[in-house]
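Engineer: after the sequence you'll find the predicted model.
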Amino acid sequence: MFKKLFLFIFVTAIGLGAFLYFTRSALYNYDVAADYAYDFSDKQATITVLSIAGGTLSLPKKEDMNRSSFLEISVRSTPQSKILRPSVTISDGTSTEVEFYEHGAAGKRYVNVSKFVEKGATDLRLIGKYLSVDNGSVQLIQFDNIEFEGKRVLVMAGHPDDAEISSFGLYSGHDDVYVVTVTSGDAGPFMYDEIYTDPVAHYLKKGEVRTWNSLTVPMLGGVHPENILNLGYNDARLKSMEADKSLVASGRYTEISDMNTFRKQNSSSLAVGLVGINNWESLVGNMVYLLNEIKPDIIITPSPKLDMHSDHQYTTHALVEALKQIDRHDGHLLLYTNHQVVFNERYPYGDAGALTSLPPTPRGANHFGRLYSHPMSVEQQNSKILALDAMNDLRLGTDFRYPLRAFKQAFETLWSNLDGSNEQYFRRAIRSNEFFYVVDIEDIYDDEKLGDL
C-alpha cells in the first residue's frame, strides 16, 4: 500500500514538474538567454564603471541624486528557474526592492536602482533567487530626470484605462495635468453576454460605460473635469483610418460612425472645439486644436515600436503629425507601453509591487534620449489599484451574479496563476515605479530617429 502511494506521489510530482516546465517555456516568444540589446553610447546618459563581488557593490557619491539609474549586470539562471520565477533582491541595509526576470534568464540584464540612488545609498547588495549575478565590472547608467515643476503634462491614451495603466502614479502626483482619450473603447471581448444577446446593444453600452470611465477615473488622481476629454473615435479603427484617408470609420460591431454617440458625455469646455467627421484628418485636426489650446510641455503617449496595439501606435502617429503641423520643436515625449505582444503580454514579469526595468529587445531597442523611472510609494500603488478597479473593462465581467459562472471565473483566475499566464494589469501595472522612454520633441523631425520611435 505504501509503495503504491509513494509511486502515485512520485508520478504526480513528475507530471506536475513537466507541466510547469513546458508551460513556463511557452510563455516567451524570444530567446530568454540572449542579452538585452541596449546601446547607451549615444544617449543622454552618465555611465560609471563599478565592480561587483559576491553580490555587493559601492555606489559613487553624487551631489545630484535626482536621476533614473540602472545597473547593467550579467545573470545566469539555476535549473530551478525553469519552473520557479527568478529574481534579484536589491538591498541597501534598510530597504529592499525586487526585480523579476524570465524563466531561464541569462545574459545582460538591467537592475533598476533609481530609488536607492535618490535616497543617497552608498552600498548595495544584490541577492539572486534561482539565478546568480556575475562578479566583475558592471555599468551604472544614469539619466537626469526631466523637470516637472511648473510644467504642463498631457496624457494621451488610446483607450479608456491606458492613462491609468501607464501613468496614474505620475499624473496623480502632478498639479497641471490633462488626460485625453482617443477612442471610446467600443470593441474588444463580448464581456456582458449574460446581459446582452444583441452585439450592437452590447458594444454601444460598453463604449458608453468605458467613455464614462475615461472621463471620471482621472478625477481619482486629482485631475479637474475641465482637463479630461474623450475624442469619441471607434476602438480598433485608427490604423484603417490612417491607411485610407478617405475612410469614414464606424464601430467594428455597431457600424455607427457618429462620434457624438460617445463624445457627448464630455463636460469640459474644450469639447466645443472638437469638430469633424470620423476620419484621420479629423483626428489629427482635433489633436492640433488641443495642442494649441492646452500647450503641454510634456506629453505622455504610447511607444509605436514597443506597444503592439494598433490604436496605441496610431494615437502617437496622429500626435506626431499634429506636432509637425504646428511646427512644435520644444518639450518632451514620455513613451510608455501597455501591450508588449511581440515579447508577450506578461511583461513586466513577477509579482505586483516589484520593480519595472528595461524590457527585452528581440526587435532591437527603440529610439530614446533618456530613461525615466517614476517612483511609487505603497500608498500610491494602492490608489492605482482602486483606479484600475474603477475601469469596467479591467475587471472580470458580471458573471459573478451566477454561481456556476462565478466558479468558472475563479477557476480561470487560479489557473492563469498556476500556469504563469496571468496577464492582468493588477499584476503588471501595480509596481513600485512607472517606466518611460524620454524623447525630445525635436527628434520627430529627424527621419532616422522618428522611424525608430
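Structural biologist: Arrived safely.

Engineer: from here on, contacts and neighbour counts on C-alpha atoms
Structural biologist: Will do.

Engineer: so for the chain, the centremost residue is which one?
Structural biologist: Nearest to the mean C-alpha position of the chain, by Cα atoms, centre = their mean, lies N338 at 3.4 Å.

Engineer: tell me the predicted confidence for that residue.
Structural biologist: Model confidence at N338, expressed as pLDDT, equals 95.

Engineer: and this protein, what are its domain boundaries?
Structural biologist: Here the domain parsing of the chain from automatic domain parsing is 46-144, 153-339+377-430.

Engineer: list the contacts for A33?
Structural biologist: G104, A105, A106, G107 (Cα atoms under 8 Å, 6 or more residues apart in numbering).

Engineer: so what's it closest to, chain neighbours aside?
Structural biologist: Sequence neighbours aside, A106 is the residue nearest to A33 in space, at 4.3 Å (criterion: Cα to Cα, 6 or more residues apart in numbering).

Engineer: G285 now?
Structural biologist: A322 (7.1 Å).

Engineer: distance of that neighbour from T316?
Structural biologist: Computed as Cα to Cα, to the nearest Å, the A322 to T316 distance reads 10 Å.

Engineer: same deal with W212?
Structural biologist: 23 Å.

Engineer: thought the residue nearest to A33 was touching T78?
Structural biologist: No - A106 lies out of contact with T78 (Cα atoms under 8 Å); the separation is 9.6 Å.

Engineer: mind giving me the packing neighbours of the helix or strand hosting A163?
Structural biologist: In this structure, A163 sits in helix 162-172 according to DSSP states H and E. Packing partners of helix 162-172 (3 or more Cα pairs under 8 Å, 6 or more residues apart in numbering; DSSP states H and E): strand 153-157, strand 177-183, helix 378-389, strand 433-440.

Engineer: re earlier: what's the burial count for the residue nearest to A33?
Structural biologist: Neighbours of A106 under the rule other Cα atoms under 10 Å: 22.

Engineer: tell me the contacts of it?
Structural biologist: Taking Cα under 8 Å, 6+ apart, one finds V32, A33, A34, D35, S74, V75, R76, S77 in contact with A106.

Engineer: count of neighbours near the closest residue to G54 other than its chain neighbours?
Structural biologist: Once flanking residues are discounted, G54 sits nearest to N135: 6.6 Å by Cα to Cα, 6+ apart. Using other Cα under 10 Å, the number of residues around N135 comes to 16.

Engineer: backbone dihedrals for N135, please?
Structural biologist: phi -80, psi 160 (degrees, to the nearest 10).

Engineer: that one contacts G55, correct?
Structural biologist: Yes - the pair N135 / G55 is scored as a contact, 7.2 Å apart, by Cα under 8 Å.

Engineer: buried set for the top helix by length along the chain?
Structural biologist: Scanning the chain for the helix with the most residues, using DSSP state H, yields helix 2-25. In terms of neighbour count (16 or more other Cα atoms under 10 Å), helix 2-25 has its buried residues at L20, Y21, T23, R24, S25.

Engineer: hmm, who's touching it?
Structural biologist: K82, I83, H103, D419, G420.

Engineer: TSV please, covering these and showing secondary structure and neighbour count.
Structural biologist: Below are the contacts of helix 2-25 laid out as TSV (DSSP: H, G, I helix; E, B strand; the rest coil; neighbours: other Cα atoms under 10 Å):
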residue	secondary structure	neighbour count
K82	helix	21
I83	coil	21
H103	coil	27
D419	coil	17
G420	coil	20
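
Engineer: ok, those residues vs K384, which is closest?
Structural biologist: If you rank the contacts of helix 2-25 by distance to K384 using Cα to Cα, G420 comes first, at 23.1 Å.

Engineer: show me what contacts that closest one?
Structural biologist: Contacts of G420 (Cα under 8 Å, 6+ apart): T23, R24, L27.

Engineer: and which of these is nearest to D447?
Structural biologist: L27 (35.0 Å).

Engineer: for the closest one, identify the helix or strand it belongs to.
Structural biologist: Secondary structure (DSSP H and E) places L27 outside all helices and strands.

Engineer: does it touch N344 like I think?
Structural biologist: Yes - under the criterion of Cα under 8 Å, L27 makes contact with N344 at 7.4 Å.

Engineer: before we move on, back to that, can you lay out the domains of the chain as CSV showing distance to D351?
Structural biologist: Below are those laid out as CSV (distance: least, Cα to Cα, whole Å):
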stretch, distance to D351
domain 46-144, 8
domain 153-339+377-430, 6
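
Engineer: of all the ones you listed, which one is nearest G451?
Structural biologist: That would be domain 153-339+377-430 among these, by Cα to Cα, at 8.9 Å.

Engineer: touching, K239 and T316? I think so.
Structural biologist: No - using Cα under 8 Å, K239 is not in contact with T316; the gap is 11.3 Å.

Engineer: hey, what's the angle from the lengthiest strand in the chain to strand 433-440? Just curious.
Structural biologist: Longest among the strand segments of the chain by residue count, using DSSP state E, is strand 67-77. With axes from the mean of the first three to the mean of the last three Cα atoms, to 10 degrees applied, the angle from strand 67-77 to strand 433-440 works out at 120 degrees.

Engineer: list the neighbouring strands of strand 67-77 plus their orientation.
Structural biologist: strand 106-112 (antiparallel), strand 131-133 (antiparallel), strand 136-144 (antiparallel) (DSSP bridges).

Engineer: hey, C-alpha coordinates of it in CSV?
Structural biologist: Taking C-alpha atoms only, strand 67-77 is exported to CSV below (Å, rounded to 0.1, in the frame of the first residue of the first chain):
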residue,chain,number,x,y,z
ARG,A,67,18.4,60.6,-11.5
SER,A,68,16.9,57.4,-13.0
SER,A,69,19.6,54.8,-12.5
PHE,A,70,20.1,51.3,-13.9
LEU,A,71,22.8,48.7,-13.3
GLU,A,72,23.9,46.6,-16.3
ILE,A,73,24.7,43.2,-15.0
SER,A,74,25.1,39.6,-16.3
VAL,A,75,23.0,36.9,-14.8
ARG,A,76,22.9,33.1,-15.0
SER,A,77,19.8,31.1,-14.0
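
Engineer: give me the contact list for it.
Structural biologist: For strand 67-77, using Cα under 8 Å, 6+ apart, the contacting residues are 86, 103-114, 117-118, 130-134, 138-145, 371-373.

Engineer: quick check: bridge partners of the closest residue to N112 other than its chain neighbours?
Structural biologist: Spatial nearest neighbour of N112, excluding adjacent residues (Cα to Cα, 6+ apart): F70 at 4.6 Å. Judged by DSSP bridges, the bridge partners of F70 are N112, I141.

Engineer: give me the neighbour count for F70.
Structural biologist: Neighbours of F70 (other Cα under 10 Å): 23.

Engineer: how much space between it and H103?
Structural biologist: 21 Å.

Engineer: what do you get for L394?
Structural biologist: Distance from L394 to H103, by Cα to Cα: 26 Å.

Engineer: what does stretch 182-196 contact?
Structural biologist: Under Cα under 8 Å, 6+ apart, the answer for stretch 182-196 is 156-160, 199, 202-204, 206-208, 210-211, 230-236, 251-253, 262, 315, 397-399.
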